[in-house]
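K.L.:
Following is a predicted model, sequence given first.
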Amino acid sequence: MLMFGNVNAAQAALRNWVLNLHNELSGSGIYAAHIAINTWLGERGPEGIPSATPEQVAPLYWDLYERRETAEAVFNG
């Protein structure tokens, strides 16, 4: 979608920053992870785009926090 074109660069920068932060903090007891949300959050999104509620996404954050095994996950709605 054209309206999301400029967001991709910011998302890529955030992802790289968090993955590098995760590596730097390894062994310190501090955990950093990135979750890419591949859906519209909330109601009334663009036609044809899947949507999800924050309550549907939250378990992925909790699972990453609890396991602390990976620095990245994707929510596909």
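P.N.:
Received it, and whenever you're ready, just let me know what you need. In this text, all values refer to a predicted model and were calculated from it rather than measured experimentally. Residues are numbered from 1 along each chain as shown.

K.L.:
from here on, contacts and neighbour counts on C-alpha atoms
P.N.:
Will do.

K.L.:
quick one: Leu25 from Asn16, how far?
P.N.:
14 Å (C-alpha to C-alpha, to the nearest Å).

K.L.:
And the average pLDDT for the longest helix along the chain is what?
P.N.:
When the chain is parsed with DSSP state H, its longest helix is helix 7-25. For helix 7-25, mean pLDDT is 93.

K.L.:
What strands flank the lowest-mean-pLDDT helix or strand in the chain, and is each parallel or antiparallel?
P.N.:
Least confident helix or strand of the chain, by mean pLDDT, DSSP states H and E, is strand 40-41 with a mean of 90. Using DSSP bridges, strand 40-41 pairs in its sheet with strand 51-52 (parallel).

K.L.:
Give me the contacts around the strand it pairs with.
P.N.:
For strand 51-52, contacts defined as C-alpha atoms under 8 Å, 6 or more residues apart in numbering pick out Thr39, Trp40, Leu41, Gly42, Glu43, Gly45, Gly77.

K.L.:
I figured Ala73 hits Asn38, correct?
P.N.:
No - the criterion here is C-alpha atoms under 8 Å, and Ala73 misses it with Asn38 at 10.6 Å.

K.L.:
Report the separation between Pro54 and Leu41.
P.N.:
7 Å.

K.L.:
So which of the two has more stuff around it?
P.N.:
For the pair Pro54 and Leu41, the greater number of neighbours falls to Leu41 (16 against 10), based on other C-alpha atoms under 10 Å.
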